[in-house]
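# Quick one, structure for this:
(one chain, ligands or ions: 1)
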Amino acid sequence: MLIDSHAHLDSERYADDRAAMLARAWEAGVSTVLAIGIGEHASGMDGALKICREFNPQSDQESTQGAKFPRLYASAGVYPHNTPEADETVLTQLDTLLAKPEVIACGEIGLDYYHEGAPHNIQRAGLIAQLEIAAARKRPILIHCRGTNESTDAWDDLLLILEENWRPTGLGGVMHCFGGGWEEARRSLDLGFLVSFAGNLTYPKAQPLREVAARIPLDGILVETDAPWLTPAPDRGKRNEPAFVTRTAHSLAGLLGVSSEEIASATTKNFLRLFRLGADVGN
Ligand SMILES: [Zn+2]
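Reported below is the predicted structural model:
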């Protein structure tokens, strides 16, 4: 069984078939999905928690949905380009959300210098403000980091901030949809982060990323879909969904020279360790 460590289950693109999509994930061997709560705008960051509550069975009762679904967890956070919205009200909302037992992570937060959007200094201030809240709630963080074209500018700023503001917490986190080089991977592992690979690992032009992936120790990896985006080959461009995380896991197994079962067991173990969860999976 696999864990999809990053999927935007609250996306509008699942409005018509969310239950069927989750049932397909379970059928494909996905035990657990971490639903990402960033919304279109910061005010919608409770979207992932709502999906959790809709599809997870309430306490001891059986699932009322009739189908078997993966166990869902949620995150909440203000996406880098939404940081200009991160006022007192939004940060209080984040703090309230992180107090919920289903909301196991703060994210995706970080720095994005690739797309035009929030000024870089606002992104950095928004990140630091959220690190404080996540630390107080003892929630690991999910990091989005993308530099200007081939530059490591965002990574340089990010790692500096994490060294100073996050390492002392010992809480660690996930480098989501990892796209850096070996140096960034090595420094992330050193900071106690897991490195999570998405469907772009399977794309023809991703040879440099595959070379980085091949060097990561088994106890440092996760797999994710980032659904509805980044559909693995050969369906690139179509809507992605958690069931397809199996393809990324298969590709990673080939790169690391281990079986798909070993990838499943290592990534599951890593996820449960980071978020201090029990081994009970599925609904
Ligand atoms: Zn994402």
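
# ranges for the helices of this protein?
Here the chain has its helices, by DSSP state H, at 18-27, 47-55, 88-98, 120-136, 153-165, 182-190, 207-213, 245-256, 260-274.

# then the shortest one to CSV, C-alphas only?
Spelled out, that is helix 207-213. Taking C-alpha atoms only, helix 207-213 is exported to CSV below (Å, rounded to 0.1, in the frame of the first residue of the first chain):
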residue,chain,number,x,y,z
GLN,A,207,17.0,13.1,-16.3
PRO,A,208,18.9,15.5,-13.8
LEU,A,209,16.1,15.0,-11.3
ARG,A,210,16.2,11.2,-11.7
GLU,A,211,20.0,11.3,-11.1
VAL,A,212,19.3,13.2,-7.8
ALA,A,213,16.5,10.7,-6.8
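
# Report the distance from it to the chain centre.
With Cα atoms, centre = their mean, to the nearest Å as the basis, helix 207-213 stands 19 Å off its chain's centre.

# Of all the helices of the chain, which one is nearest Asp10?
Nearest to Asp10, of all the helices of the chain, is helix 47-55, at 3.3 Å by Cβ to Cβ. Yep, even glycine has a C-beta here, placed from its N, CA and C like the rest.

# Mind listing what's buried along the closest one?
47-49, 51-52, 55 (16 or more other Cβ atoms under 10 Å).

# Can you tell me how far Pro119 is from Glu102?
From Pro119 across to Glu102, the span is 33 Å (Cβ to Cβ, to the nearest Å).

# the more surrounded of these two?
Glu102 (17 against 10; other Cβ atoms under 10 Å).

# if we can go back for a sec, which one of the helices of the chain lies nearest to Pro234?
Here helix 245-256 is closest among those (Cβ to Cβ), at 9.1 Å.

# can you list contacts of that closest one?
Under the contact criterion Cβ atoms under 8 Å, 6 or more residues apart in numbering, helix 245-256 has outside partners 2, 4, 25, 28-30, 197-199, 201-202, 210, 213-214, 216, 218, 221, 223-225, 232-233, 259-260, 262-264, 267.

# Could you rerun that using 6 Å?
2, 4, 28, 197, 199, 201-202, 210, 213-214, 223, 225, 232, 260, 263 (Cβ atoms under 6 Å, 6 or more residues apart in numbering).

# nearest to Arg187, of those?
Ala213 (15.9 Å).

# Let's see the pLDDT reported for the residue lying closest to the closest one once chain neighbours are set aside.
What sits nearest to Ala213 in space, not counting adjacent residues and going by Cβ to Cβ, 6 or more residues apart in numbering, is Leu255, at 5.1 Å. pLDDT, the model's per-residue confidence, is 96 for Leu255.

# what's around Leu255, how many residues?
Leu255 - counted by other Cβ under 10 Å - has 18 other residues nearby.

# rewinding a little: and the helices of the chain: which comes nearest His176?
helix 182-190 (10.9 Å).
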